[in-house]
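*Asks:* 3D, please:
(one chain, ligands or ions: 3)
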Amino acid sequence: MEVLLTPEEMSEADQRTIRGGTPGIELMDEAGRAVADTCARMMDHVAQVLVLAGPGNNGGDGFVAARILKKRGYPVRLLLLGEASRLKGDAATARDDAANAGVPIERLNLAKLPERLKEARLVVDALFGAGLDRPLEGDAAQVVHLVNERRAKTIAVDLPSGVSGGSGAVLGEAIRATRTVTFFRRKPGHLLFPGRELCGGVSVADIGISADVLEEIRPRTFVNDRELWRPHWNPPTVTGHKYDRGHALIVSGPAVRTGAARLAAVAALRAGAGLSTVAASPSAASVHAAHLTAVMLKAYKDEEQFAAILADRRLNSVVIGPAAGVGEETRRRVAMCLDGERAVVLDADALTSFAEEPEALFASIRNKTSGGVVMTPHDGEFARLFPDIAAQASMSKPDRAREAARLSGAVIVLKGADTVIASADGRAAITENASPWLATAGSGDVLAGIVCAMMAQGLPVFEAACAGVWIHGQAAKKAGPGLISEDLLPVLKDVIAELAEDRA
Ligand SMILES: NC(=O)C1=CN([C@@H]2O[C@H](COP(=O)(O)OP(=O)(O)OC[C@H]3O[C@@H](n4cnc5c(N)ncnc54)[C@H](O)[C@@H]3O)[C@@H](O)[C@H]2O)[C@@H](O)CC1
Ligand SMILES: Nc1ncnc2c1ncn2[C@@H]1O[C@H](COP(=O)(O)OP(=O)(O)O)[C@@H](O)[C@H]1O
Ligand SMILES: [K+]
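*Replies:* Ligands and ions are numbered 1, 2, ... in the order given. Modelled structure (predicted):
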């Protein structure tokens, strides 16, 4: 399980380490050394390196890197943004050490920068890191613009300058790096877009901070990797029964919109639910009957018959929403699904149907005494249900999802290229295994089915949602470029097989 540290948590890790007896300058020396090592690895021969240093400790790391590279025989030049007299503490010490080692240090001059960039084979961006607290403008923005325009090979120290470590947002203007070297642990901004795209490859350097500090800091943001939820997933036992793996129920849309429910129902079965059943109106059921094999079918004429299907408690996890239709009928069915012990995945039209009265939906979710609820909105659906949270542009995606989880009581899967899963207890996981080929019609329906299957198998709700999103991403990798959502279904078998092997 990989934890991510917000800039505030990282600063706490630094401070705890310093209080524990490691001087800050030692941490800075290690950070700068890691940057210098990366520079050396990225150049096949000794050539000119240009270090751009900012006014804080990020700049301090740049001074250390310049000093070490100089000692190793690299021609180095350092350009300082702002006045040397403003440097404080460790950064001021690092500057003096670099000057004493003979590093040529100049004040950064915009007019001369293009020429300096032309001379350099590699640029080190040590302008701003975790301390970025407002948008870059003026000279700082100009510097970034000129570096990006030059398309020079660039190593970012900690973060590409201009990228927020907490949210991945670009504040004003940001460096497009070839590689980013960060320290101790990755930050959310390395995984969240647009930051992720600007980092290039990310490496994490050990700078002498002990993992013990994490016990005190208790980070709440994680990478959605396999380790996060794998301990909760089990392959079938030797003498297992299909009911041991749960029974997924997928509520279908009308006769002309049945595909979404089938995608979810087959996905649920493939993702390991012991049984999967589609519930449909008689006209929709006759369409399904021509297509379904291992998935079962139950027709219902009216609300009473729908209630009779729900009365079977073995159907322990339900998906409602894909192509369900927006309106009162869907709202009523959602309320019926929530009124019980089973786990519920609310997707697509089940979310949009409550755009006018989200509080009613949240009340039904909060009233639920057992069985988890997962909501799987994309940004548009999220803004319909949580307009006030969506309007807070400066809030990070994990914080938006956390707030929505707190408000609604559901686990929120906020979809996209960097899907975030968050729960009301404050945990949030960021996904990095998705493929852009998932942006295709019906892929969300497949995801809803997989998440439903994970809850049917008894995973706790947050872990079930994380597992579902991860498995969806792995399936896309296996299906490969050009996939359509139906292609995700057969390859789920391979993803599940690998999970099972992994344990063995
Ligand atoms: N002892 C420590 O705490 C360590 C810190 N390290 C480095 O220190 C960095 C954090 O250092 P700092 O907290 O000093 O922060 P930064 O060096 O990232 O930036 C802070 C400085 O930039 C200014 N600033 C912020 N946003 C600005 C904007 N938009 N335009 C103009 N000026 C702006 C601030 O007023 C402040 O002077 C990390 O990213 C990492 O590179 C590493 O050396 C490891 C040890
Ligand atoms: N650019 C992207 N990169 C990776 N995954 C993506 C991208 N765009 C969308 N996805 C994923 O594809 C799925 C699309 O779901 P959704 O928007 O509900 O579409 P649909 O309703 O067509 O099924 C989600 O799991 C989402 O996270
Ligand atoms: K930087």
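*Asks:* now residue 361: closest residue in space, sequence neighbours ignored.
*Replies:* residue 354 (4.1 Å; Cβ to Cβ, 6 or more residues apart in numbering). C-beta here means a position set from N, CA and C on the backbone, and glycine is covered the same way.
*Asks:* who's in contact with the one you found?
*Replies:* 331, 334, 360-361, 385 (Cβ atoms under 8 Å, 6 or more residues apart in numbering).
*Asks:* OK, now which residue of the stretch 301-450 of the chain is nearest to ligand 2?
*Replies:* residue 444 (2.1 Å; Cβ to the nearest ligand atom).
*Asks:* how near is the residue in the stretch 351-500 of the chain positioned nearest to ligand 3 to residue 309?
*Replies:* Ranking the residues of the stretch 351-500 of the chain by distance to ligand 3 (Cβ to the ion) places residue 396 first, at 18.7 Å. For residue 396, the distance to residue 309 equals 41 Å [Cβ to Cβ, to the nearest Å].
*Asks:* could you say which helix or strand holds residue 210?
*Replies:* Assigned by DSSP states H and E, residue 210 belongs to no helix or strand.
*Asks:* tell me the pLDDT of it.
*Replies:* pLDDT, residue 210: 98.
*Asks:* quick check: closest non-adjacent residue to it.
*Replies:* Closest to residue 210 by Cβ to Cβ, 6+ apart is residue 17, at 7.1 Å.
*Asks:* doesn't that neighbour fall inside a helix?
*Replies:* Yes - counting by DSSP: H, G, I helix; E, B strand; the rest coil, residue 17 is part of a helix.
*Asks:* tally of neighbours for it?
*Replies:* Neighbourhood size, residue 17 [other Cβ atoms under 10 Å]: 21.
*Asks:* equivalent analysis for the one 3 residues further on, please.
*Replies:* Using other Cβ under 10 Å, residue 20 has 11 other residues around it.
*Asks:* count the residues that sit near the closest residue to residue 317 other than its chain neighbours.
*Replies:* In space, residue 317 comes closest to residue 456 once its chain neighbours are excluded; the distance is 3.8 Å by Cβ to Cβ, 6+ apart. Using other Cβ under 10 Å, residue 456 is surrounded by 28 other residues.
*Asks:* from ligand 1, how far out is residue 456?
*Replies:* 44 Å (Cβ to the nearest ligand atom, to the nearest Å).
*Asks:* isn't that residue up against residue 247?
*Replies:* Yes - taking Cβ atoms under 8 Å as the definition, residue 456 is a contact partner of residue 247 at 6.4 Å.
*Asks:* between the two, what contacts are shared?
*Replies:* By Cβ under 8 Å, 6+ apart, the residues touching both residue 456 and residue 247 are 273-274, 316-317.
*Asks:* interface residues of this protein facing ligand 2?
*Replies:* By Cβ under 6 Å from any ligand atom, the residues of the chain that approach ligand 2 are 348, 378, 415-417, 419, 434-436, 438-439, 441-445, 447, 472.
*Asks:* which of those residues count as buried?
*Replies:* Those of these that meet the buried threshold are 348, 378, 415-417, 419, 434-435, 438, 442-445, 447, 472, by 16 or more other Cβ atoms under 10 Å.
*Asks:* so which bits of the stretch 51-200 of the chain are right by ligand 1?
*Replies:* So the stretch 51-200 of the chain meets ligand 1 at 54-61, 90, 128-136, 140, 157-158, 183 (Cβ under 6 Å from any ligand atom).
*Asks:* can I get the buried part of those as one PyMOL selection?
*Replies:* Restricted to buried positions by 16+ other Cβ under 10 Å, the PyMOL selection for those reads:
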select buried, resi 54+55+56+57+58+59+60+61+90+128+129+130+132+136+140+157+158+183
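*Asks:* any regions of the protein where pLDDT drops low?
*Replies:* Scanning the chain for pLDDT under 70 picks out 503-504.
*Asks:* domain boundaries for it, per the record?
*Replies:* Using automatic domain parsing, the domain parsing of the chain gives 3-215, 226-234+243-503.
*Asks:* got phi/psi on the residue nearest to the spatial centre of the chain?
*Replies:* Taking Cα atoms, centre = their mean, the centroid of the chain lies closest to residue 430, which sits 2.3 Å from it. As for residue 430, its main-chain torsions (degrees, to the nearest 10) stand at phi -110, psi 130.
*Asks:* who's it bridged to?
*Replies:* Under DSSP bridges, the beta-bridge partners of residue 430 are residue 223, residue 420.
*Asks:* state the distance from it to residue 100.
*Replies:* Taking Cβ to Cβ, one finds residue 430 at 42 Å from residue 100.
*Asks:* ditto for residue 241
*Replies:* 74 Å.
*Asks:* check residue 137 too.
*Replies:* In terms of Cβ to Cβ, residue 137 sits 34 Å off from residue 100.
*Asks:* and what of residue 39?
*Replies:* Applying Cβ to Cβ to residue 39 and residue 100 gives a distance of 21 Å.
*Asks:* over to residue 501?
*Replies:* The value you get for residue 501 to residue 100, if Cβ to Cβ is used, is 57 Å.
*Asks:* can I assume residue 277 sits in a helix?
*Replies:* No - counting by three-state DSSP, residue 277 is not part of a helix but strand.
*Asks:* ok, it touching residue 300?
*Replies:* No - here residue 277 does not reach residue 300: they are 11.5 Å apart, not a contact under Cβ under 8 Å.
*Asks:* the two: who's more crowded?
*Replies:* residue 277 (23 against 20).
*Asks:* dihedrals phi and psi, the spatially closest residue to residue 427 that is not a sequence neighbour?
*Replies:* With Cβ to Cβ, 6+ apart as the criterion, residue 427 has its nearest non-adjacent residue at 5.5 Å, and that residue is residue 220. The phi and psi values for residue 220, taken as degrees, to the nearest 10, are phi -120, psi 10.
*Asks:* of the contacts of residue 354, which is the nearest to ligand 1?
*Replies:* For the contacts of residue 354, the nearest to ligand 1 is residue 385 (33.5 Å; Cβ to the nearest ligand atom).
*Asks:* chain neighbours aside, what residue packs nearest to the closest one?
*Replies:* residue 358 (4.8 Å).
*Asks:* do the same with residue 480
*Replies:* Residue 480 sits nearest to residue 437 (Cβ to Cβ, 6+ apart), 7.5 Å away.
*Asks:* distance check, that neighbour against ligand 1.
*Replies:* 34 Å.
*Asks:* I figured the residue nearest to residue 210 hits residue 212, correct?
*Replies:* No - in this structure, residue 17 is not within contact of residue 212 by Cβ under 8 Å, at 9.6 Å.
*Asks:* related to what we said a few turns ago, list the ones among the residues of the stretch 51-200 of the chain next to ligand 1 that fall in strands.
*Replies:* Taking DSSP state E, the ones among those that sit in strands are 157, 183.
*Asks:* sorry, back to before: can you put the shared contacts of residue 456 and residue 247 in JSON lines and add distance to residue 478 and secondary structure?
*Replies:* JSON lines is the format used below for those (distance: Cβ to Cβ, whole Å; DSSP: H, G, I helix; E, B strand; the rest coil):
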{"residue": "273", "distance to residue 478": "20", "secondary structure": "coil"}
{"residue": "274", "distance to residue 478": "23", "secondary structure": "coil"}
{"residue": "316", "distance to residue 478": "28", "secondary structure": "coil"}
{"residue": "317", "distance to residue 478": "24", "secondary structure": "strand"}
